[in-house]
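Chemist: Sequence and computational prediction follow.
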Amino acid sequence: MSAAVRTEHRPGIFQMLKIARYVVSDILRNRFILAYLLFLLVISMSFFNLESDPVKGMMSLLNIVLIVLPLVSIVFATIHLYNSYEFIELMLAQPLRRIDIILGEYFGVAISLCAAFCTGVGLPILLYDSSIHGATLLISGILLTLAFVSLAFLATVLSRDKSKGIGTALLLWFFSTILYDGIILMGMFAFSDYPLEKAVMFLAFLNPVDLTRIAMLLQLDTAALMGYTGALFQHFFGSALGVSLSFLAMLLWIFIPLWLAVLIFRKKDI
């Protein structure tokens with residue numbers, strides 16, 4: 001990142017926003033973001049055009065979003081932060097607080113990825129299904145993006161080694177999107193003689209991908225296909241308390257990894 005941030009004496013929030021603006025302008029020159037936007041746009045338009053029922057198109061789109069969105073968010077954010085270390089070192093030589101630097105980087109990356117997602121998925125949804133279903137998918141996608149960018153920043157500040165950091169990011173993605181559900185299914189099969197429905201509901205809060213999936217399945221009225229467990233999910237997650245707890249859990253998935261990343265970065269020897 002070649003652009004330098006002038007260090008006028010301003011409150012930290014202005015410095016943070018200024019850094020975020022430079023990060024966004026730098027990322028927007030990256031062709032990968034444009035390719036990501038176009039990919040989402042083409043896939044979304046294709047699903048809605050192939051299915052006569054917008055709900056079926058939304059279901060197909062959900063399956064793609066739950067895999068591609070976390071992968072792109074966590075890998076792109078990790079690589080970007082490693083490639084920005086020279087810029088960060090330049091900022092550290094200025095009279096800037098470390099918390100403003102890391103948060104400026106975070107908001108710059110998060111805004112860019114969320115903008116690409118909202119454009120690539122939001123436009124087709126607006127054209128084909130501008131209902132509560134589409135709004136839920138957009139909000140869930142934004143929260144999921146923010147959560148995996150937070151995880152990416154945590155993985156990056158934990159290790160100065162680029163290959164190790166990217167490996168950690170990929171492991172987090174693989175565990176959240178594939179391995180976690182497999183472990184839950186194995187546990188349910190092994191302890192099928194015991195009532196595990198409430199335990200499964202609790203375990204859903206430990207994975208942001210599962211929270212997004214459940215929120216969308218309930219909105220699309222497909223919980224009935226999940227039997228008694230689906231009825232419990234509908235009863236709990238469909239209530240005001242369930243929605244509030246789900247939203248709070250997603251916020252925790254965003255803020256806790258980011259908070260840990262900030263704490264480590266403030267004490268880290270760059």
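Modeler: Happy to help now that I have it.
Chemist: So which residues of the protein form helices?
Modeler: Taking DSSP state H to define them, one finds helices in the chain at 12-28, 31-50, 54-83, 85-92, 98-128, 132-158, 162-174, 180-190, 197-204, 208-219, 227-237, 240-267.
Chemist: so where's the stretch 151-270 of the chain shaky on pLDDT?
Modeler: Where the stretch 151-270 of the chain drops to pLDDT under 70, the residues are 192-198, 219-242, 269-270.
Chemist: Distance check, the nearest residue to I99 once chain neighbours are set aside against D100.
Modeler: Nearest non-adjacent residue to I99, counting by Cβ to Cβ, 6 or more residues apart in numbering: V262, 5.7 Å away. Using the backbone N, CA and C atoms, a C-beta is placed for each residue, glycine as well. V262 sits 10 Å away from D100, going by Cβ to Cβ, to the nearest Å.
Chemist: And for F107?
Modeler: Going from F107 to D100 by Cβ to Cβ gives 10 Å.
Chemist: returning to what we had before: between V262 and D100, point out the one with more neighbours.
Modeler: More neighbours surround D100 than the other of V262 and D100, with 21 against 18 (other Cβ atoms under 10 Å).
Chemist: Contact partners for the more buried one?
Modeler: With contacts defined as Cβ atoms under 8 Å, 6 or more residues apart in numbering, the neighbours of D100 are G12, I13, Q15, M16, I19.
Chemist: same check, this time on I111
Modeler: I111 makes contact with A20, V24, according to Cβ under 8 Å, 6+ apart.
Chemist: And the residue nearest to the spatial centre of the chain, what's its pLDDT?
Modeler: Nearest residue to the geometric centre of the chain (Cα atoms, centre = their mean): T145, 2.1 Å. You'll see T145 listed with a pLDDT of 95.
Chemist: show me what contacts it?
Modeler: The neighbours of T145, taking Cβ under 8 Å, 6+ apart as the test, are L69, S73, A110, L113, C114, F117.
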